[in-house]
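[1] Prediction below, plus the sequence it came from.
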2 protein chains.
Amino acid sequence: MRLLTLARDLKRRKARERQGLFVAEGIRAVEELLRSDFRIVGALVSPALAENERGSALRAALEERPAPVTDVSAPDFVSAADTEHPQGILAIAEVPDRQLRSANDSVARVLVLDAVQDPGNVGTILRTAAALGVDLTLALPGTVDLWNAKVVRGGMGAHFHHPCLTVTWDELDTFRRARHFALWGAGAEGQPVESVRAPERLALVVGNEGHGLTAPARERVDQLVALPLASAVESLNVAVATGILLYLLRR
Amino acid sequence: MRLLTLARDLKRRKARERQGLFVAEGIRAVEELLRSDFRIVGALVSPALAENERGSALRAALEERPAPVTDVSAPDFVSAADTEHPQGILAIAEVPDRQLRSANDSVARVLVLDAVQDPGNVGTILRTAAALGVDLTLALPGTVDLWNAKVVRGGMGAHFHHPCLTVTWDELDTFRRARHFALWGAGAEGQPVESVRAPERLALVVGNEGHGLTAPARERVDQLVALPLASAVESLNVAVATGILLYLLRR
């Protein structure tokens, strides 16, 4: 398949899952991809890229790789791009084969995303988890695809070195029982986070900003924790709330 | 001026400042605006609004106000809208006349934005500040306009009850000296935040995600504080970092 057709196809989650490929778009994301050990399948470049120095350097770096660099017109690039004002570079790479059961035994902090749908927030959450020492981030059903182009962009490179993967509840249940993880959930009606002591091995579940945790999450959590807010009418953005909780519960 | 022309004009900061008006776009933002005591000048509605129940209820609520509700075509609405896929409602309202010198004497936590440029982040920061009990948020020169439509949308209603305003360094200097505020800055090279004790009256300055604090901020701060991260290659989103710092330094 031509790279342009492939890039357009990969806008759909089903196509990404079937092909095991994803798109990293923009100078920053492709730079981070190049620094990783991910296998790059190819890159698309529009004339816009040559307009800035960092773009030209990036093109040169890509051309040293075995993967083909294909030049396309600005309108063709836009048809494959996810951003409104593209920087003129996207790379197609392989989704790594990460398995929950092969997680390292030293894993002590796991973040679990329970139907978190906003791609920008999920990208920011992955970046936050990586920065705050979370060992593993797991996305449950109903969560936006971690390899969605917006999530990858928002992750600012976290995808390439922070282990994150999609799992089912069954896989998570097996993992947490075998590894003796406590499962805590974030919820406004929970215990104030500063009144509780984090266990040695903790998996923290965060839910959708509007709806909170799903029923399967509520049934399973050992404990709900909350951040005391200034007033009941306020709420925090899910990425900000997750960041504060992860910081307070870090190892 | 016709409401449609006015709404288009208010996309520019200069027009907002000259007219003392701003635009709140989308169902949620206009609902929050209606709950506030802000004076509404008028609203624009496109046929899209009638497609959902909450939209119809919002229209009915607007029609009970003295301000005119003007129906426009979908393309006309798009020309005034800030979003790509508008919900078909925007309201024009007066920017409140907030003065730093008339701040209440009980103010103890002030957040200062030093050239923070991303409107989505600034909106999230305002929402976070309101939720975490910050008394006042101040925007220094170089920061995106607090009344930019994206900032207002991201604030999720914070603008309407959390005192936030644009100030000069001179105004901030006068205020913090007269009121005996310590000025702390967020910076990676600072003291770990958990090793310091927050003073009674604290103004925390946060800078641009890429560039950190500006020279005028660095010259003035009494102390820099940092969040210890898992590794030096990582960084936090500015709204997440601000949220964690505000939580740890809250009164």
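    Structure received.
[2] Now do the buried residues in stretch A:40-54.
    A:40-46, A:48-49 (16 or more other CB atoms under 10 Å in any protein chain shown). Where you see a C-beta, it was placed from the backbone N, CA and C, and this is true even at glycine.
[3] swap that for stretch A:146-154, please
    A:146-154.
[4] Stretch A:209-225 too?
    For stretch A:209-225, by 16+ other CB under 10 Å, it's A:209, A:212-214, A:216-217, A:220-221, A:224-225.
[5] from those residues, which single one is nearest chain B?
    A:E209 (9.8 Å; CB to the nearest CB).
[6] Please work out how many residues are found near the nearest residue to that closest one once chain neighbours are set aside.
    For A:E209, ignoring the flanking residues on the chain, the nearest one in space by CB to CB, 6 or more residues apart in numbering or on different chains is A:V238 at 4.3 Å. For A:V238, the count of nearby residues is 22 (other CB atoms under 10 Å in any protein chain shown).
[7] Tell me the helix or strand right after the lengthiest helix in chain A.
    Of all segments of type helix in chain A, defined using DSSP state H, the longest is helix A:119-131. Downstream of helix A:119-131, the first helix or strand assigned by DSSP states H and E is strand A:136-139.
[8] That next one packs against which elements?
    If you count contacts as 3 or more CB pairs under 8 Å, 6 or more residues apart in numbering or on different chains; DSSP states H and E, strand A:136-139 packs onto strand A:109-114, helix A:119-131, strand A:164-166.
[9] just to revisit the earlier point, with pLDDT, distance to B:E194 and secondary structure added, can I get the buried residues of stretch A:146-154 in a markdown table?
    Below are these laid out as a markdown table (pLDDT from 0 to 100; distance: CB to CB, whole Å; DSSP: H, G, I helix; E, B strand; the rest coil):
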| residue | pLDDT | distance to B:E194 | secondary structure |
| --- | --- | --- | --- |
| A:L146 | 98 | 31 | coil |
| A:W147 | 98 | 35 | coil |
| A:N148 | 97 | 35 | coil |
| A:A149 | 96 | 37 | helix |
| A:K150 | 96 | 34 | helix |
| A:V151 | 97 | 31 | helix |
| A:V152 | 97 | 32 | helix |
| A:R153 | 95 | 32 | helix |
| A:G154 | 94 | 28 | helix |
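[10] Of those residues, which is the nearest to chain B?
    For the buried residues of stretch A:146-154, the nearest to chain B is A:G154 (8.6 Å; CB to the nearest CB).
[11] Report the contact partners of the residue found closest to that closest one once you drop the neighbours it is linked to in the chain.
    Nearest residue to A:G154 in three dimensions, chain neighbours excluded: A:G123, at 1.8 Å (CB to CB, 6+ apart). Going by CB atoms under 8 Å, 6 or more residues apart in numbering or on different chains, A:G123 touches A:150-156, A:158.
[12] May I see the buried residues of stretch A:176-187?
    A:176, A:181, A:183-187.
[13] I meant to write stretch A:66-85 there.
    Those would be A:67, A:69, A:72, A:76-78, A:80-82, for stretch A:66-85 by 16+ other CB under 10 Å.
[14] where does the closest residue to A:E25 other than its chain neighbours land in three-state SS?
    Closest residue to A:E25 apart from its sequence neighbours, by CB to CB, 6+ apart: A:L90 at 4.2 Å. Each residue gets one of three states, and A:L90 gets strand by DSSP: H, G, I helix; E, B strand; the rest coil.
[15] hang on, A:L90 packs against A:S46?
    No. With contacts counted by CB atoms under 8 Å, A:L90 stays clear of A:S46, the gap being 9.2 Å.
[16] got any residues that touch both of these two?
    A:F77.
[17] Next to chain B in this structure, residues from the stretch 101-250 of chain A, please.
    Within the stretch 101-250 of chain A, the residues that sit near chain B (CB under 8 Å from any CB of the partner chain) are A:120, A:124, A:127-128, A:130-133, A:156, A:227, A:229-231, A:234-237, A:239-241, A:243-244, A:247-248.
[18] ranges for the strands of chain A?
    Using DSSP state E, the strands of chain A run over residues A:21-25, A:40-45, A:69-71, A:89-94, A:109-114, A:136-139, A:164-166, A:182-192, A:202-207, A:223-226.
[19] Tabulate these (TSV), appending distance to A:K11.
    Below are the strands of chain A laid out as TSV (distance: least, CB to CB, whole Å):
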stretch	distance to A:K11
strand A:21-25	8
strand A:40-45	13
strand A:69-71	17
strand A:89-94	11
strand A:109-114	21
strand A:136-139	19
strand A:164-166	18
strand A:182-192	31
strand A:202-207	26
strand A:223-226	37
